[in-house]
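Engineer: quick one, structure for this:
(chains A and B)
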Amino acid sequence: MRLKSKLDEGKFAILAEMEPPKGVDVSTMVANATRVKERVDAFVVPDMNDAVLRMSSLGGALILKEKGMEPVMQLSCRDRNRLALQADLLAASACGINNIMVVRGEDVGFGDHHQAKAVYDIELLELLDVTQKLQRGQDMAGIGLSGSPRFFVGSVVNTAAEGKALDLELEEMDKKIEEGVQFFVSPPLFDLASIDPFLKRVDRRKGRIIPTVLLLKSVGMARYIDRNNDKVHIPGALIERLQNARDRVHECTRIVVETASTLREEGFGGAHLSTVGWEDKLPEMLEGIGI
Amino acid sequence: MEKTSGRARVLVVGSEPEFLEMIGTSLGDQVELLFARNEHEGLSMARTERPDAILLGYLEPRGTSFKLHRRLRGGWITKHIPLLVVDLRLPEQPHKAWTSQEAMQMDAEDYFSITPDDTASLSRLMESVGLMEKISTKLSERANPLKDAILDEKTFCVTWEQIPGRGAFEMQQEHVIDNVARAADGGKIHAISVTDNPGGNPALSTEMLCAEIKKSGMEPLVHLACRDKNRSEIESMLYGLAAEGVRNILVLTGDYPSSEGFEGRPKPVFDIDPVNSVRLVETMNRGLEHQAMRKKVVLAPTDFYAGVCVSPFKKLESELMAQYTKLKKKIEAGAKFIITQVGYDARKLHELLQWLRVNTYDIPVIANIYILPYGTAKLMNTNGIPGCVVTDKLVAELAEEAKAEDKGKSARLLRSAKIYAIAKGMGCAGAHIGGHGITYEMVEHIITKGEEFTSDWESLVAEFDYPQADGFYFFERDNKTGLNTDIPAKGTLKPSGPLIYRFSRIAHTVLFNERSWVFKMLRPMAKRIDTWPRTKRALDYFEHLAKAALFGCLNCGDCALFDVAFVCPMSQCPKSQRNGACGGSYEGWCEVYPNEKKCVWVQAYERLKAYNEETTIGEYIVLPCNWDLWQTSSWLNFYLGRDHTAKRLGIEPPQAKPSSTERGKVTGASAEGKP
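Structural biologist: Here you go, the predicted structure:
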C-alpha cells in the first residue's frame, strides 16, 4: 500500500493515469507503466473515460497488479447496477486491488456508443456507502459476507466551483469524507489562482487533494478544453507559450513539470499525471519533477 | 523583383453549407480559398493542392473530422500543413463535432468554435487564434531568403561555407552547428552552404546537415557534387531535400575522389555532369514525367533554385574557353546563379562579369572570398587544392603578413573585406565567404568593413593585380581602371592538329554524315546487321579494337568522340566530362595527372583552333552516356538512331520490330514507344 502510506505520511504522491487498451493487446500499457514503476506511487486505471469502450478498469488494474505495480481502480455508476458494482468490488479486493476511486462518469452521449443505456441504479454517494458496508462485512441488502474486503478510497472534487456551486461541492466533499474517502482528485489544473475560491474555503487537512496535471499536446487540444470544459481554465499566456514554442513536444512536457513542481511546493497531496496517449513521455516528465 | 512568397491558399473542408459560406464571406478577400465537402475530397485536395493552411470543419457522420485530421497529420505530403479545427455550433446539432476523447488526441495548430451568430466576429475570432499570422509564417517558409537576396538588387547576398567533416559525432560538426546558430542570431548571412565530401574525402552528408540547418531556421545551400552519385542517386537525394524544404543547391563536378577512402581510392562516378544535373533539376521543377505501369506520370513540381560554379582564374586560353563554354551550357540548361572558384585577381573576376554582359546573359554572380592564411596559400600556389589559384606575388605578401604578432589574421580579414568591396562595386550579386576556423565575428567584420570600403572600390583594384605569368585574359586590358575593356583579346594559343585528328575528321565526314549518300546506303545494312547477333558482335569487337588502339576506347556505345574533337572524354578524362572542363585543370594539365596528361578540353580546343573552329566547342549540350548502350557498337547505335548524336541530328530509329532475342535487352533504345 505505497499510495496509502505516502499520503498518510503527508508526502507528495505521484499518480499516473494508464488507460487500458481498446482491445486485448496490453503490451503498450504494460511497457509504459513498467518504465516508470519505481517512480510512480500508483497507476490510475480509468473506468471507460468519456464513455468510450475500452477494457474494464478491473481488467486493466489486475494486469498492472500482476506485473508488480500498484493500481487505483476507478469505478463509476454509469454502466453497472448495484449487483455488478458490488461483485466487481469483491473481485478487486480478492485479487489484491485495494485502491479504488469512485467517479461520476461522463454521459454516454459523449462517447462512441450513443445508443447505450446509462444505468445509474445507485448514485455516487450510495456507492461510497456500499464500499463502507462491504468493508464491515455486509452487502447492500444487509447480508453477511464471508471475508470482508479492504479499500483505500478516493474520489473526485470540482475545485473550479465558485459561488453557490462551491457551497454544494464542499458540502458533498464533507459527505464523501464521512463515507470514508481519503483523497480527492481534481480536474486538470493549470493555474492555482483559478481555484482560489475553493482553496480559501477547503480544509485541506481532512482529505488530501491531488490535482490532475494534464499534458497539453497541441494548441488545438488546449483551446478545445478551455472552450468546452467548464471545470478547466487554461491561461491565455500558456496557450501562447505553446504556440510560439520551437520544440512543441518539449514545451508540452515542461508545462507538466512546472505545474507538478508548483503543486509540490504548495503542499498538495500529490499530482495525478494524465498524459492522454503520450505515456511514453512520463520518464522525462518525472525526471523533470525530480521524482 | 518577384518575391518567392505570394497569396496564401487555404483549404476549407466541411459538409455544412453554412460553414463553407461563412468562411467564404469572411476570408474570401484575404486569401485564396479551396473548398472540399467530404473526407475524400478534403484528403485528395490537401495532397494535390498542398495549401498553406487547412480549416477543418464538421464532416458527416460524427467522428469523420477526427479521422481526416489523423490522416492529414500522419500523411507524408500533408503533415507540415497548419491545421485548424473549427466547430460550427448549429442549434439542430447539439453534439459537439469532436468528442472530448477525440479532442484529447487532437494534433492541430489551433481550435475554435463559432455559432451562426458569430458571422460578424468570425474574422476577429480567426485573428484571435492567429490564423492570419500562421498563414503568413507558412508563406515566409515558402519564401526563399537566398533567392530573394540574390535577386534583390538592393541586397548584397552573403553565403558562408561550412565543411562538414568526416565522422558522425566530431567537433567539426559541433562547430558547424554553432556557426549556424550564431549566423541565425546575427542576421547578416543569407545562407549557409555545406560542401559535399570536400576534397573527395568522405564526410557527413551535406543533405542531412542542410535539412538540420533548415529546421533551425537558417537557409541552407547544399553543394551537390557529381563525383559520388549517379543520376538516380542525385534525383533521389533531391526528392529528399525537396521534402525537407531545402531548395538551394550548388551543382559542381567535384574534386577527384581522394585516396583516403575505405580500403583505397573509391570508384569515381561522374555519371552526369553539372550541365545535365542542372537540366535534371529544371525538369523536376517543371514536374518530371516518366512511365510507370505503361502510363505517363507527372510528378509534383519541385522548387529548386540551382546555381553553378565557374573559374575565370585560368591561365591558358584553351582552359579559360573550356570554362566559359561549359558555363554557357550551364546557363542554357537553367542555372540561376554562379559562384566563382577561389582566386584573387580582380581583373579576372571582372572578366567574368564582362563576358556575361557581352554575351547578354543576365545571371547573378557571387564572388568567392576565401579567407587566406599563409599555409593554405603556399598549398594553393603549388596546385595543392585543385582549381584554387594563388600566385607567387600573393604568397610573398602573405609571408610578410604572417610575421605580424597576430600571424597575419587582421591582414587577411582586411584583404577579404577589400575583395567584398570590389565584388560589390563591380556588380556581383553577393559574396561566398569561406575558410578554415572562421568565426561568425570574423565574417561580420568582413561584411562591415567591406561595406565601408565599397564606395572606394575602384581604388582598391590595383591591390588585387595578380596576373599569372603569361596568363590569358578574354578581354583587352582597360588601362584606366586596371580591369577589362569589352574588346576580346587576341588568342595566344598555338593550334595543334595531330595526324590522328586530321584522319578522324575525314573518316567522320565520310561515314557519319546523316545527309550523305554513304549514310543512306549503309543504313539498310546496319538494320540487317542489327538482327544478326554474331555479325553484330563481330562489328562491335572490331570497332572496339580499332578505337581502343586509336583513342583508348572503353566501349561505352554512346560515343562522344566527335563532341570533344576526337579526344575520348570517357577514357581520357578521369571525370568523364562530356560538356566542358571541370574546374580542376592547372596550366592546361589534368587535375588528376598534372604535368602528365593534358585536359581533354584543352586538347580539343587546340585541335579545333587548327581549323579555326574553336568557337564551335560549346555549341550544344551533350547528353549523359546512356548505359543501355554499354558494350554495343556505337557505329550501329548512330546509324540506328540510338545514341545521343543520332538524337541530336534527328536520326530516327528504324520502324521494323527488333528480333525476339533483342527485345528484352535493349529496351528504351531500340523499340521506340513499343512495349
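Engineer: can you pull the residues of the stretch 51-200 of chain A lying near chain B?
Structural biologist: Proximity of the stretch 51-200 of chain A to chain B is assessed by C-beta under 8 Å from any C-beta of the partner chain, with A:52, A:106, A:109-112 identified as the residues in range. No exception for glycine: its C-beta is placed from N, CA and C like everyone else's.
Engineer: in strands only, show me these.
Structural biologist: When DSSP state E is applied, those are split such that none fall in strands.
Engineer: can I get the buried part of those residues as one PyMOL selection?
Structural biologist: Selection of the buried residues among these in PyMOL, burial being defined by 16 or more other C-beta atoms under 10 Å in any protein chain shown:
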select buried, chain A and resi 52+106+110+111+112
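Engineer: could you export the residues of the stretch 51-200 of chain A next to chain B as JSON lines, including distance to B:Thr340 and pLDDT?
Structural biologist: JSON lines is the format used below for those (distance: C-beta to C-beta, whole Å; pLDDT from 0 to 100):
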{"residue": "A:Val52", "distance to B:Thr340": "65", "pLDDT": "92"}
{"residue": "A:Glu106", "distance to B:Thr340": "69", "pLDDT": "86"}
{"residue": "A:Gly109", "distance to B:Thr340": "71", "pLDDT": "81"}
{"residue": "A:Phe110", "distance to B:Thr340": "67", "pLDDT": "79"}
{"residue": "A:Gly111", "distance to B:Thr340": "68", "pLDDT": "83"}
{"residue": "A:Asp112", "distance to B:Thr340": "65", "pLDDT": "84"}
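Engineer: and which of the residues of the stretch 51-200 of chain A next to chain B is nearest to A:Glu279?
Structural biologist: A:Val52 (16.7 Å; C-beta to C-beta).
Engineer: contacts only, for that closest one.
Structural biologist: For A:Val52, the set of contacting residues under the criterion of C-beta atoms under 8 Å, 6 or more residues apart in numbering or on different chains consists of A:22, A:111-112, B:99, B:101.
Engineer: just B:Ile506 next, same as before
Structural biologist: For B:Ile506, the contact set (C-beta under 8 Å, 6+ apart) is empty.
Engineer: pLDDT score for the residue in chain B that chain A sits nearest to?
Structural biologist: Across chain B, the shortest distance to chain A (C-beta to the nearest C-beta) belongs to B:Ala108, at 3.0 Å. Predicted confidence (pLDDT) for B:Ala108: 90.
Engineer: ditto for B:Lys215
Structural biologist: The per-residue pLDDT reported for B:Lys215 equals 87.
Engineer: quick check: phi and psi at it.
Structural biologist: Per-residue torsions, B:Lys215: phi -60, psi -30 (degrees, to the nearest 10).
Engineer: for it, give its distance to B:Ile651.
Structural biologist: In this structure, B:Lys215 and B:Ile651 are separated by 50 Å, where distance is defined by C-beta to C-beta, to the nearest Å.
Engineer: those two: which has the busier surroundings?
Structural biologist: The residue with the greater number of neighbours, taking B:Lys215 and B:Ile651 and applying other C-beta atoms under 10 Å in any protein chain shown, is B:Ile651; the counts read 18 against 13.
Engineer: secondary structure element for B:Val308?
Structural biologist: When elements are defined using DSSP states H and E, B:Val308 is found to belong to strand B:305-310.
Engineer: contact partners of the helix or strand following that strand?
Structural biologist: Stepping forward along the backbone from strand B:305-310, the first helix or strand reached (DSSP H and E) is helix B:317-333. Residues outside helix B:317-333 that contact it (C-beta under 8 Å, 6+ apart) are B:251, B:274-276, B:278-279, B:282, B:308, B:310-312, B:314, B:338, B:355, B:359, B:361, B:363, B:472, B:474, B:491-493, B:579-581, B:583, B:585, B:587-588, B:599, B:601-602, B:604-606, B:609, B:614, B:617-618, B:621.
Engineer: cutoff 6 Å now
Structural biologist: Helix B:317-333 is contacted from outside by B:275, B:278-279, B:308, B:310-311, B:314, B:361, B:363, B:472, B:491-493, B:579-581, B:585, B:588, B:601-602, B:605-606, B:617-618, B:621, using C-beta atoms under 6 Å, 6 or more residues apart in numbering or on different chains.
Engineer: before we move on, back to that, chain neighbours aside, what residue packs nearest to the residue of chain B closest to chain A?
Structural biologist: Take B:Ala108 and drop its neighbours on the chain: the residue closest to it by C-beta to C-beta, 6 or more residues apart in numbering or on different chains is A:Gly220, 3.0 Å away.
Engineer: also B:Glu587?
Structural biologist: In space, not counting the residues next to it along the chain, B:Glu587 is nearest to B:Lys315; the distance is 5.1 Å by C-beta to C-beta, 6+ apart.
Engineer: so what's that neighbour up against?
Structural biologist: B:Lys315 makes contacts with B:468, B:471, B:587, as judged by C-beta under 6 Å, 6+ apart.
Engineer: recalculate using a threshold of 8 Å.
Structural biologist: So B:Lys315 contacts B:468, B:470-472, B:587-588 (C-beta under 8 Å, 6+ apart).
Engineer: go on, B:Val308?
Structural biologist: So B:Val308 contacts B:250-252, B:274, B:278, B:327, B:330, B:335, B:337-339 (C-beta under 8 Å, 6+ apart).
Engineer: torsion angles phi and psi at the one residue in the stretch 1-150 of chain A that gets nearest to chain B?
Structural biologist: Nearest to chain B, among the residues of the stretch 1-150 of chain A, is A:Asp50, at 4.2 Å (C-beta to the nearest C-beta). Per-residue torsions, A:Asp50: phi 50, psi 30 (degrees, to the nearest 10).
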